[in-house]
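J.: the following comprises the amino acid sequence and a computationally predicted model.
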Amino acid sequence: MQKGKFITFEGIDGAGKTTQIDALEFWLRERGLEVVRTREPGGTPLGEKIRAMLLADDMCVAAETLLFFASRAEHIERVIVPALERGAWVLSDRFTDATYAYQVGGKNFDPAKVEMLETLVQGALQPFKTVLFDISPEIAAQRLARARAADRFEAESREFFRRVREAYLDRAQRSAERFFIVDASREPHSITEALLTEAQSWI
Ligand code: Z5A
């Protein structure tokens, strides 16, 4: 029986997740709650090695999807489940919705194969809540151009990110009780305000 809460954060690249996860982490810690901050791909020593390959090396979409799930299996077993069993709040920058959005929505990978991997690796584990930072690819690209050089995913076309965004919105519509959608084109402080107002109902 898991006592903690598993919250995931999703959106296209440059949506501003990092800034807002910082704010939620601070807010939860102020309330005396244990927070485990993590990310995908990554979150474990093996996961970080897989992340380096995924962001840099060219590979087919099947290999890419399997590597995301390999990183996820390690992450679940060694980080997420132990933390939830202790009663911690796990804040993960991306999880399986990203595979449906990027590999299925963006790269046309077969969703039935992702469902099989999801069942194999996660069993019944699903996020308690997922915050979707929704933003147009144009605004997100402007932000990233100011911030840093593009990695393998960030170098994809606008059309790719349009498909990824649509796939996220489609998932949010299908699981409306799990998703909280924020308009990520707003000023950071107004996004934080919306997020923390919503988070009050999660405690
Ligand atoms: N991926 C996948 O394909 N399949 C999967 O299953 C999983 C992942 C799990 C991980 O890279 C990549 O893997 C990701 C999807 C893929 N694609 N990429 N790239 P990552 O972890 O390095 O990338 P990310 O998750 O997109 O993180 P990010 O690029 O750092 O984005 P962010 O956290 O959403 O944005 P940010 O760093 O908070 O902000 C970006 C810039 O905008 C920065 O300069 C901020 O100061 C600025 N910013 C933030 N908020 C605002 C607002 N509100 N207004 C104006 N400017 C802002």
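T.: Cool, the structure landed. Small disclaimer: the values here were computed from a predicted structure and weren't measured.
J.: in this protein, what residue is nearest the ligand?
T.: Per CB to the nearest ligand atom, the residue of the chain with the smallest distance to the ligand is G16, at 2.7 Å. The C-beta positions use only the backbone N, C-alpha and C, and glycine is treated the same way.
J.: got a pLDDT number for that residue?
T.: Here the pLDDT value assigned to G16 is 93.
J.: so what's the nearest residue to it once chain neighbours are set aside scoring on pLDDT?
T.: Using CB to CB, 6 or more residues apart in numbering and skipping residues adjacent in sequence, the residue nearest G16 is A184, 5.2 Å away. pLDDT, A184: 97.
J.: again with A62
T.: Looking at A62, its pLDDT stands at 98.
J.: in a strand, that's where it is, yeah?
T.: No - A62 is assigned helix when assessed by DSSP: H, G, I helix; E, B strand; the rest coil, not a strand.
J.: from A101, how far off is the nearest residue to it once chain neighbours are set aside?
T.: Closest residue to A62 apart from its sequence neighbours, by CB to CB, 6+ apart: F109 at 7.2 Å. Going from F109 to A101 by CB to CB, to the nearest Å gives 11 Å.
J.: ramachandran angles for V131?
T.: phi -100, psi 120 (degrees, to the nearest 10).
J.: list the contacts of it.
T.: I7, T8, F9, E10, K17, Q20, F179, F180, V182, L195, E198 (CB atoms under 8 Å, 6 or more residues apart in numbering).
J.: quick check on the fifth one: phi, psi?
T.: Geometry field for K17 lists phi and psi as phi -60, psi -50, criterion degrees, to the nearest 10.
J.: circling back to that earlier point, of F109 and A101, which one has the most company?
T.: Between F109 and A101, counted using other CB atoms under 10 Å, A101 has the larger neighbour count: 25 against 19.
J.: which residues touch that one?
T.: For A101, counting by CB under 8 Å, 6+ apart, the contacting residues are E10, V164, R165, A167, Y168, R171.
J.: tell me which of these is nearest to C60?
T.: Set against C60, the nearest of those by CB to CB is V164 (18.3 Å).
J.: find the nearest non-adjacent residue to A167, please.
T.: G105 is the one closest to A167 (CB to CB, 6+ apart), at 2.4 Å.
J.: mind checking pLDDT for that neighbour?
T.: 98.
J.: when you give positions from now on, start the count at 26
T.: Sure thing, new numbering starts at 26, so read that last one as G130.
J.: tell me the secondary structure at it.
T.: Secondary structure for G130, judged by three-state DSSP, is helix.
J.: burial measure for it, as a count.
T.: G130: 24 surrounding residues under other CB under 10 Å.
J.: that one is in contact with E191, isn't it?
T.: Yes - contact criterion CB atoms under 8 Å: G130 and E191 qualify, at 6.4 Å.
J.: neighbours of G57, how many?
T.: Residues lying near G57 (other CB under 10 Å) number 6.
J.: my bad, should have said A165
T.: Neighbours of A165 under the rule other CB under 10 Å: 23.
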